[in-house]
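# based on what follows, work out the 3D shape:
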Amino acid sequence: MSTKFMIMVALALTLSGCASFEPVTASHYASKDGTLTIHGQLVDGTDVRIFVNGEKVIDDKVSLLHGDGKFNGNYQGKPVSADCSTPAGRELNATRCTVAVAGERVTLTL
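Numbering: from 1, shown residues only. From the prediction side, this is the model:
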């Protein structure tokens, strides 16, 4: 095998180890120990609602033009963030929101 190919393979493996992926779920996530649940809703195609342990922490709208938005809230004094996007074409159940709270990070499909 060529040296360039081996270098490219080594570089790709190194970079893939640095990537951090959060689980992609439906509109509901529960932590392994059951102490944290995160639930999301998309109402009328633009209204994003994020709930942590049943408490609404974010209620905001994604851009009508682009279908995206970044939102902040808090849960029991802890910051909550949601970064949402919708692919072109606005398919049903295609809006994804990456939600971060209390050390957990999960991507919900709304």
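
# how about the helices in this structure?
3-18 (DSSP state H).

# centroid residue for it?
Nearest to the mean C-alpha position of the chain, by C-alpha atoms, centre = their mean, lies T98 at 1.3 Å.

# surely S31 touches R105?
No: using C-beta atoms under 8 Å, S31 makes no contact with R105, being 11.2 Å away. To be clear about C-beta, it is placed using only N, CA and C from the backbone, and glycine gets the same treatment.

# tell me which of these two has more neighbours.
R105 (16 against 13; other C-beta atoms under 10 Å).

# D83 is in contact with that one, correct?
No: assessed by C-beta under 8 Å, R105 is found out of contact with D83, at 10.3 Å.

# next, show the common contact partners of the two.
T98 (C-beta atoms under 8 Å, 6 or more residues apart in numbering).

# just to revisit the earlier point, who does the residue nearest to the centre of the chain form a beta bridge with?
Taking DSSP bridges as the rule, T98 bridges to D83, T107.

# what sits against it?
Contacts of T98 (C-beta under 8 Å, 6+ apart): E22, A82, D83, C84, R105, V106, T107, L108.

# do you know the pLDDT at the nearest residue to F51 once chain neighbours are set aside?
Of all residues beyond its chain neighbours, the one nearest F51 is H39 (4.4 Å), with distances taken as C-beta to C-beta, 6 or more residues apart in numbering. You'll see H39 listed with a pLDDT of 96.

# likewise the one 10 residues further on?
In this prediction, R49 carries a pLDDT score of 97.

# now do the residue nearest to it when sequence neighbours are not counted against A88, distance only.
By the measure of C-beta to C-beta, 6+ apart, the closest residue to R49 outside its immediate chain neighbours is Q41, 4.4 Å from it. Using C-beta to C-beta, to the nearest Å, we find Q41 at a distance of 22 Å from A88.

# and I50, by the same measure?
23 Å.

# higher neighbour count, the two?
With neighbours defined as other C-beta under 10 Å, I50 and A88 compare such that I50 has more, 27 against 8.
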